[in-house]
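> I'll drop the sequence and a predicted model, then ask my questions.
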Amino acid sequence: MVAMKQARHPERGEITLIAVVGALSDPIRLGLVRVLADGRERGWSELRAPVAKSTLSHHLRVLRDAGITRTRQEGTRCFVELRRDDLDARFPRLLDAVLSAADNDDVGAAVGLADDTPAA
């Protein structure tokens, strides 16, 4: 049996404001965070975005590397969840402010769940 390589996640203290703000500056990534803000872990196949699967994978890696999400692999499936507790501990209210502004401006609305009707 071949061991699968586990993704590296920054520890809470390693998460930097510059990395978080940089990762959230992209509408697709911000849309992914909006979807994950419900607190549920999601399988990558549950996520819908107007990009190729390889590009979606890139966006998810950027979020993980910034410390915004945690990725878990189970067999051939990958799951992702928002690291809200870690982000709130490092930067109180930042995520709430960003999500509120994104909702107000409808940033990332093209991203959703595969079983949702796409935004018009």
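Arrived safely, thanks for sending.
> which residues in this structure form helices?
17-23, 27-36, 53-66, 84-90, 94-105 (DSSP state H).
> can you put the ones you listed in JSON lines and add mean neighbour count, distance to Gly112 and mean pLDDT?
In short, each C-beta sits where N, CA and C put it, glycine included. Formatted as JSON lines, the helices of the chain follow (neighbours: other CB atoms under 10 Å; distance: least, CB to CB, whole Å; pLDDT from 0 to 100):
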{"stretch": "helix 17-23", "mean neighbour count": "15", "distance to Gly112": "19", "mean pLDDT": "98"}
{"stretch": "helix 27-36", "mean neighbour count": "22", "distance to Gly112": "6", "mean pLDDT": "98"}
{"stretch": "helix 53-66", "mean neighbour count": "16", "distance to Gly112": "12", "mean pLDDT": "97"}
{"stretch": "helix 84-90", "mean neighbour count": "16", "distance to Gly112": "19", "mean pLDDT": "98"}
{"stretch": "helix 94-105", "mean neighbour count": "14", "distance to Gly112": "13", "mean pLDDT": "97"}
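> Arg8 is nearest to which of those helices?
Distance to Arg8, taken as CB to CB, is lowest for helix 53-66 among the helices of the chain, at 8.1 Å.
> what packs against that closest one?
helix 17-23, helix 27-36, strand 69-74, strand 77-82 (3 or more CB pairs under 8 Å, 6 or more residues apart in numbering; DSSP states H and E).
> need the residues that contact that helix.
Helix 53-66 has contacts (CB atoms under 8 Å, 6 or more residues apart in numbering) with 7, 9-10, 15, 19-20, 22-23, 26, 28-29, 32-33, 44, 47, 49, 51, 69-71, 80.
> repeat the analysis, applying 10 Å as the threshold.
For helix 53-66, contacts defined as CB atoms under 10 Å, 6 or more residues apart in numbering pick out 7-10, 15-16, 18-24, 26, 28-33, 36, 44-45, 47-52, 68-71, 78, 80, 82-83, 87, 111.
> what's the pLDDT at the nearest residue to Gln6 once chain neighbours are set aside?
Nearest residue to Gln6, sequence neighbours excluded (CB to CB, 6 or more residues apart in numbering): Gln73, at 7.0 Å. Here, the pLDDT recorded for Gln73 equals 92.
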